[in-house]
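Participant: Provided below are the primary sequence and the corresponding predicted coordinates.
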Amino acid sequence: MVTRRDVASIVGLGAVGALTASALASPAVAQAADPNESTFARIRRTKKMRIGAVGGGAPYYMKDLATGQWKGFYIDIAKALADDMEAELEITETTWGNSVLDLQSNKIDIFFGLNPTPKRALVVDFSVPVFNNAFGILCKKDFKPKTWAELNSPDIKIAVDQGSSHDQVVSRLTPKAQISRLKTADDATAALQTGRVDAQCLITMLSLTVLKKNPSLGQFVLPTPVFATTSNAGFRRENDKTWRDYVNTWIDFNKGLGFIRNAILTNMELVGVTEADIPPGVSL
């Protein structure tokens with residue numbers, strides 16, 4: 001099997017070819033920053049690549065509270081991207097709901113794990129998909145709806161993390177339900193665990209991890225019609241698209257190598273989730 005180490009000299013920074021040649025050759029990259037400096041140029045100049053990470057986002061992101069060290073498949077993927085950019089990885093803790101704001105305010109250069117929505121697309125740019133996903137529901141044990149229509153009732157209480165794609169989905173698909181918008185996804189899970197709500201909307205990959213950690217929480221349901229989505233990287237919107245285009249090339253190349261799939265499966269296994277647990281509608 002060809003590894004990333006074997007092909008590092010192949011892809012390097014030449015993956016974007018002529019696209020980045022002018023940016024790499026420009027004297028401005030090596031000089032002090034200016035207000036119009038692009039993200040790609042700043043990363044090349046400072047040798048630092050800034051990402052956001054979600055503390056309770058296993059297997060995407062996992063933070064060891066004792067050591068402060070980060071793990072997760074998007075950490076591994078971001079580290080590999082930083083290596084190919086010849087940059088040091090800097091990690092800023094954020095939430096799913098605040099990640100777009102962090103991109104807009106230029107606190108981070110990229111955030112992996114954004115589901116593209118029309119509302120988000122008004123203010124940030126997206127990469128090509130990293131993998132396919134679908135929106136699911138964590139339900140209390142005695143509640144197992146089969147459709148989104150069954151969830152769309154004034155008698156149903158659903159928890160979400162405010163400002164997230166989960167929030168946008170239930171607002172659109174279940175407007176009649178009682179929606180509790182909480183600060184984080186962990187807070188929404190706690191609301192389900194304590195019986196304050198009937199269900200929590202959570203992306204499938206996160207749902208499976210939560211249930212592996214706490215099987216007594218309830219059950220996972222993939223309501224029909226299946227609301228498929230993708231997991232992408234997000235970028236601050238800027239006129240110079242070199243950074244976005246480079247990352248797109250990098251993602252496609254590393255998906256072809258099998259590196260991204262292996263990173264996801266390896267980190268899923270760390271939290272007890274196997275490929276066999278993944279329902280139809282989600283593919284790596």
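Facilitator: Yep, that arrived.
Participant: So the most centrally placed residue in the chain: helix, strand or coil?
Facilitator: The chain has Gly113 as the residue nearest its centroid, 0.8 Å off, counting by C-alpha atoms, centre = their mean. Following DSSP: H, G, I helix; E, B strand; the rest coil, Gly113 is assigned to strand.
Participant: just so I have it, where are all the helices in the stretch 101-250 of the chain?
Facilitator: Chain-ordered helices for the stretch 101-250 of the chain, with DSSP state H, counting those that start in this stretch as the definition, fall at 118-121, 148-151, 165-173, 185-193, 204-213, 242-257.
Participant: If you count contacts, what does the fifth one end up packed against?
Facilitator: By that I understand helix 204-213. With contacts defined as 3 or more C-beta pairs under 8 Å, 6 or more residues apart in numbering; DSSP states H and E, the packing partners of helix 204-213 are strand 131-139, strand 219-221. No exception for glycine: its C-beta is placed from N, CA and C like everyone else's.
Participant: rerun that using 6 Å as the cut-off
Facilitator: Under the contact criterion of 3 or more C-beta pairs under 6 Å, 6 or more residues apart in numbering; DSSP states H and E, the helices and strands touching helix 204-213 comprise strand 131-139.
Participant: Listing partners with orientation, what would you give for the strand it packs on?
Facilitator: Strand 131-139 has its sheet partners listed here by DSSP bridges as strand 199-203 (antiparallel), strand 219-221 (antiparallel), strand 228-236 (antiparallel).
Participant: could I get the ones you listed as CSV with distance to Ser164?
Facilitator: Written out in CSV, the entries for these read as follows (distance: least, C-beta to C-beta, whole Å):
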stretch, distance to Ser164
strand 199-203, 9
strand 219-221, 18
strand 228-236, 12
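Participant: most neighbours per residue, which of those?
Facilitator: Burial among these, expressed as mean neighbours by mean count of other C-beta atoms under 10 Å, is greatest for strand 199-203, which shows a mean of 28.
Participant: orientation of that strand relative to helix 204-213 in degrees?
Facilitator: Between the direction of strand 199-203 and that of helix 204-213, the angle (axes from the mean of the first three to the mean of the last three C-alpha atoms, to 10 degrees) works out to 120 degrees.
Participant: got the contact list for strand 199-203?
Facilitator: For strand 199-203, contacts defined as C-beta atoms under 6 Å, 6 or more residues apart in numbering pick out Asn133, Ile137, Leu138, Cys139, Ile158, Ala159, Val160, His166, Val170, Ala188, Thr189, Leu192.
Participant: between the strands paired with strand 131-139, which one is nearest to Leu211?
Facilitator: Smallest distance to Leu211 across the strands paired with strand 131-139 (C-beta to C-beta): 5.7 Å, for strand 219-221.
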